[in-house]
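Trainee: only geometry, no sequence info:
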């Protein structure tokens, strides 16, 4: 995971890996509705709590969910609930080289139809696209 300007960016691989399990997707569907404990998730999905903990750990590391503790007022350990994160991490896809591609296409156009005709054509296309934006 990369942090850019305080925004967490997860790689495409990390996202796919976290979402590669049907059980993890089922857990996310449950947590989308409301925060739940390990035991509640295990009971809803018919899984063992240790299995649910394993899936929760993967989802938490990937940045899809977060844990929070709630005290029930009694003595003992607080109960841990899991919930969806408020601001999910951004999945970073491979960089595209649009500038390189556009320069290549423009140079190919100039070579094919000539610089003067290419400039006329690009000017007409620019006006057409600009006219649709307003």
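Mentor: Received the coordinates, thanks. Model, not experiment: these values are computed from the prediction.
Trainee: which secondary structure elements does the longest helix along the chain sit against?
Mentor: Taking DSSP state H as the criterion, the chain has its longest helix at helix 115-133. In terms of contacts (3 or more CB pairs under 8 Å, 6 or more residues apart in numbering; DSSP states H and E), helix 115-133 is packed against helix 98-113. C-beta coordinates here come from the backbone N, C-alpha and C atoms, glycine included.
Trainee: so what secondary structure elements neighbour the helix it packs on?
Mentor: helix 115-133.
Trainee: buried residues, the helix it packs on. List them.
Mentor: Buried positions in helix 115-133, judged by neighbour count with 16 or more other CB atoms under 10 Å: residue 118.
Trainee: residues touching that helix, excluding its own?
Mentor: Helix 115-133 is touched from outside by 106, 109, 110, 112, 113, with contacts defined as CB atoms under 8 Å, 6 or more residues apart in numbering.
Trainee: same check on stretch 69-77?
Mentor: Here stretch 69-77 has contacts from 78, 79, 80, 81, using CB under 8 Å, 6+ apart.
Trainee: top of these by neighbour count?
Mentor: Neighbour tally across these (other CB atoms under 10 Å): the maximum, 18 neighbours, falls on residue 81.
Trainee: state the helix or strand in which that one lies.
Mentor: strand 79-84 (DSSP states H and E).
Trainee: circling back: just the contacts of stretch 69-77 now: which is nearest residue 33?
Mentor: In terms of CB to CB, no member of the contacts of stretch 69-77 lies closer to residue 33 than residue 81, at 12.8 Å.
Trainee: that'll do, ta.
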